[in-house]
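Enquirer: Just the structure for this:
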Amino acid sequence: MTTTKERRPAVEGWFATEDGGARLLGTRCASCGTPYFPRNELACRNPGCTGPKDGSELEPYTFSARGRVWSYADSRYQPPPPYVSPDPFVPYTVAAVELEAERMVVLGQVAPGHTVDDLAVGMEVELTEGVLYEDDEAEYTVWMWRPVR
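Expert: Okay, here's the model as predicted:
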């Protein structure tokens, strides 16, 4: 008998899934529009912002689901704790992706099945959800980038 494991975010509140896709969750300054990922709860850090500096100007923000590859690399060595990886370790690809609307770069793993040979600077990619690791209770998921088809 096969039991389906529960899927849980590896980091709560950093992303959400909807309609088979994923979206990064952060905050944005209501005064100047500066986006923050991960969430900023304290105050706007934009030195040009003229809004209040008590954190009251920060609001929840859902980031773009697509961007363009800014840089990418193979990860062939297991990162040290607190990073949790499958045992045995499986090499993976990471990509730094520029989100055009937010004008910022976000790093993330590339979905399994895609290597550095499949990527190019400037290529359009989109967010998806993937399994970072699993234990006896659940599969722990993160956002990942995949080439747009």
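
Enquirer: hey, where'd the strands end up in this protein?
Expert: 6-9, 15-18, 21-29, 35-36, 58-62, 66-75, 92-99, 104-110, 124-134, 138-147 (DSSP state E).

Enquirer: Among those, which comes closest to Asn46?
Expert: The closest of the strands of the chain to Asn46 is strand 21-29. By CB to CB, the value is 6.5 Å. C-beta: built from backbone N, CA, C; applies to glycine.

Enquirer: Now distance to Val84, mean pLDDT and mean neighbour count too, for the strands of the chain, in CSV please.
Expert: Below are the strands of the chain laid out as CSV (distance: least, CB to CB, whole Å; pLDDT from 0 to 100; neighbours: other CB atoms under 10 Å):
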stretch, distance to Val84, mean pLDDT, mean neighbour count
strand 6-9, 12, 90, 13
strand 15-18, 17, 89, 16
strand 21-29, 19, 93, 20
strand 35-36, 25, 96, 19
strand 58-62, 26, 95, 15
strand 66-75, 14, 96, 17
strand 92-99, 13, 96, 20
strand 104-110, 13, 96, 18
strand 124-134, 5, 93, 18
strand 138-147, 7, 94, 20
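
Enquirer: now those as a markdown table including distance to Asp117?
Expert: Shown next, in a markdown table, are the strands of the chain (distance: least, CB to CB, whole Å):
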| stretch | distance to Asp117 |
| --- | --- |
| strand 6-9 | 29 |
| strand 15-18 | 26 |
| strand 21-29 | 24 |
| strand 35-36 | 32 |
| strand 58-62 | 32 |
| strand 66-75 | 10 |
| strand 92-99 | 9 |
| strand 104-110 | 11 |
| strand 124-134 | 15 |
| strand 138-147 | 11 |
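
Enquirer: between these, which one is nearest to Gly48?
Expert: Proximity to Gly48 (CB to CB) singles out strand 21-29 among the strands of the chain, at 10.5 Å.

Enquirer: The closest one vs strand 104-110, what angle?
Expert: With axes from the mean of the first three to the mean of the last three CA atoms, to 10 degrees applied, the angle from strand 21-29 to strand 104-110 works out at 150 degrees.
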